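In: this one's structure only:
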Ligand code: C2E
Ligand code: MG
Ligand code: MG
Ligand code: MG
C-alpha cells in the first residue's frame, strides 16, 4: 500500500502509515508499561484445515489499545517497540499470555496449537529457548502446541546465532513456521536444514491468485516443492471463495484469512463456535 502523505494527524494508525519522529517518541513512551496497565491483548485468528474446514490452530496477534488514541496497529507499534528496546518485554508478555490461554483451553478440553510471532530481536536472545521452556512449564503446556512464526527475511539472516536458535527451537519441540514466505529469496533446502515444518505463503500472492497467472504459478510451485520436502503450506490473507477454491485445488494444507475468520478475542472465538474442536465434536 502507498504511504499516506503527511501522517501528522492523530486519527489514522494504519499499518503502512508513515509515523514521524515525534509521534514515534510519544508512542514509545506510551508503550512503556502498556502491559502492566492492561492495554495489551492477544487476539487469535483461526488456521483452517483446507480439507475438513475445521480449526486446526490459531495465530496469536498482538493488540494495543492506547487510552486516548484507541487501537494502534501492530504494523505501527511493533517496529517502534523493536527500535526502542521494548520488544523483548512485550515478546515475553506474548509468550506468557499464549501459554496461559493454552492452559485455560486445556482445562475446557480444547486442545489446539497456537502460533506466536517472534521478532528478530527475540531470536538473538541467547536464552530465548529457556524463556519459552519456562513459560511452557509454568502453564503445563506441551511444546508441540506452540508454533513460532518467523518472517522469511529473519530466518534467512545467515548468522550462526540465528541458525543455532532455530535448531534449538526444534529440539525443544516447538514448531517453526516461515511467515510471509515468497517475499525474500530463501532456498527451500536451507529451510529444511533449519527444521522448519511450515511455510506461510505471503498474502500478496494470495491476493493476486484470481487475476495473475504468475501468482498462481509461484504458489503452485511453492506448494509442490514444500510438500516434496515434507513441509506444510499455509496460505494467509484468504478473503474470497475464489482464492479458497484455487488454494484447495493446489493442495494447500491450511488456510487463514478474513474469508474464514478475523482475529478475535478468545471469548469471541468461543461465542462464534470456532473453538468447537474437542475430540468429541471431531467425530460427529
Ligand atoms: P503477520 O504475522 O503476517 O500477520 C498477518 C496479518 O494479516 C495480521 O495483521 C492479520 O490481522 C492480517 N490478516 C489476516 N487475515 C487477513 C485477510 O484476509 N486480509 C487482510 N488484508 N489481512 C489479514 P496484524 O494483526 O495487523 O499484524 C501485522 C503484523 O504485526 C503481523 O503480520 C506480525 O508481523 C506483527 N505482529 C503481530 N503480533 C505480533 C507479536 O505478538 N509479536 C511480533 N513480533 N509481531 C507481531
Ligand atoms: Mg504471522
Ligand atoms: Mg504472515
Ligand atoms: Mg504477512
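Out: Thanks, I have the structure now. Owing to the predicted nature of the structure, the values given are computational and were not obtained by experimental measurement. Ligands and ions are numbered 1, 2, ... in the order given.

In: For the closest residue to residue 214 other than its chain neighbours, give me the pLDDT.
Out: Taking Cβ to Cβ, 6 or more residues apart in numbering, and ignoring the residues beside it in sequence, residue 214 has residue 208 as its nearest neighbour in space, at 7.7 Å. Where C-beta positions appear, they are placed from N, C-alpha and C, glycine not excepted. Among the per-residue scores, residue 208 holds a pLDDT of 96.

In: And residue 208, how far from ligand 2?
Out: Separation of residue 208 from ligand 2 (Cβ to the ion, to the nearest Å) stands at 19 Å.

In: my guess is that residue meets residue 219, correct?
Out: No: Residue 208 is not in contact with residue 219 according to Cβ atoms under 8 Å; the separation is 9.1 Å.

In: So which of the two has more stuff around it?
Out: residue 219 (24 against 16; other Cβ atoms under 10 Å).

In: Can you check my assumption that the more buried one lies in a helix?
Out: Yes: secondary structure of residue 219 (DSSP: H, G, I helix; E, B strand; the rest coil): part of a helix.

In: Show the backbone phi and psi for residue 273.
Out: When read as degrees, to the nearest 10, the backbone of residue 273 gives phi 70, psi 20.

In: ok, it - how many residues close by?
Out: Around residue 273 there are 9 other residues, counting by other Cβ under 10 Å.

In: Within range of ligand 1, give me the residues from this structure.
Out: Residues of the chain lying close to ligand 1 (Cβ under 6 Å from any ligand atom) are 15, 45, 61-62, 73-75, 78, 94, 117-119, 149, 179-180, 203, 236-239, 257-258, 263.

In: burial of whichever residue of the stretch 151-284 of the chain sits closest to ligand 3, as a residue count?
Out: Distances between the stretch 151-284 of the chain and ligand 3 by Cβ to the ion are smallest at residue 179, namely 4.1 Å. Using other Cβ under 10 Å, residue 179 has 24 other residues around it.

In: hang on, it in a strand?
Out: Yes: assessed by three-state DSSP, residue 179 belongs to a strand.

In: Residues of the stretch 101-250 of the chain that sit close to ligand 3?
Out: Neighbours of ligand 3 within the stretch 101-250 of the chain, by Cβ under 5 Å from the ion: 179-180, 236.

In: can we see that at 8 Å?
Out: Neighbours of ligand 3 within the stretch 101-250 of the chain, by Cβ under 8 Å from the ion: 117, 149, 151, 179-180, 200, 202-203, 236-237.

In: Okay, strands next: where are they in the stretch 101-250 of the chain?
Out: Along the stretch 101-250 of the chain, the stretches classed as strands by DSSP state E, counting those that start in this stretch are 113-117, 146-151, 175-181, 198-201, 232-235.

In: Sheet partners, orientation included, of the second one?
Out: For strand 146-151, the paired strands and their directions (DSSP bridges) are strand 113-117 (parallel), strand 175-181 (parallel).

In: Point out the most buried one among those strands.
Out: Stretch with highest mean neighbour count among the strands paired with strand 146-151: strand 175-181 (a mean of 24; mean count of other Cβ atoms under 10 Å).

In: Please state the offset of it from the chain centre?
Out: Here the centre of strand 175-181 is set off from its chain's centre by 8 Å, with Cα atoms, centre = their mean, to the nearest Å.

In: Identify the residues contacting that strand?
Out: With Cβ atoms under 8 Å, 6 or more residues apart in numbering as the test, strand 175-181 has contacts from 113, 115, 117, 144, 146-153, 155, 166, 169-170, 186, 191, 194-203, 222, 234, 236.

In: Give me the subset of the residues of the chain next to ligand 1 that also touch ligand 2.
Out: Restricting the residues of the chain next to ligand 1 to those near ligand 2 by Cβ under 8 Å from the ion leaves 61, 117, 149, 179-180, 236.

In: Can I get the residues you listed in CSV including pLDDT?
Out: Formatted as CSV, those follow (pLDDT from 0 to 100):
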residue, pLDDT
61, 98
117, 98
149, 97
179, 93
180, 91
236, 97
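
In: about what we covered before: tabulate the strands of the stretch 101-250 of the chain in TSV, adding columns for distance to residue 269.
Out: Output for these, formatted as TSV (distance: least, Cβ to Cβ, whole Å):
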stretch	distance to residue 269
strand 113-117	11
strand 146-151	17
strand 175-181	20
strand 198-201	20
strand 232-235	18
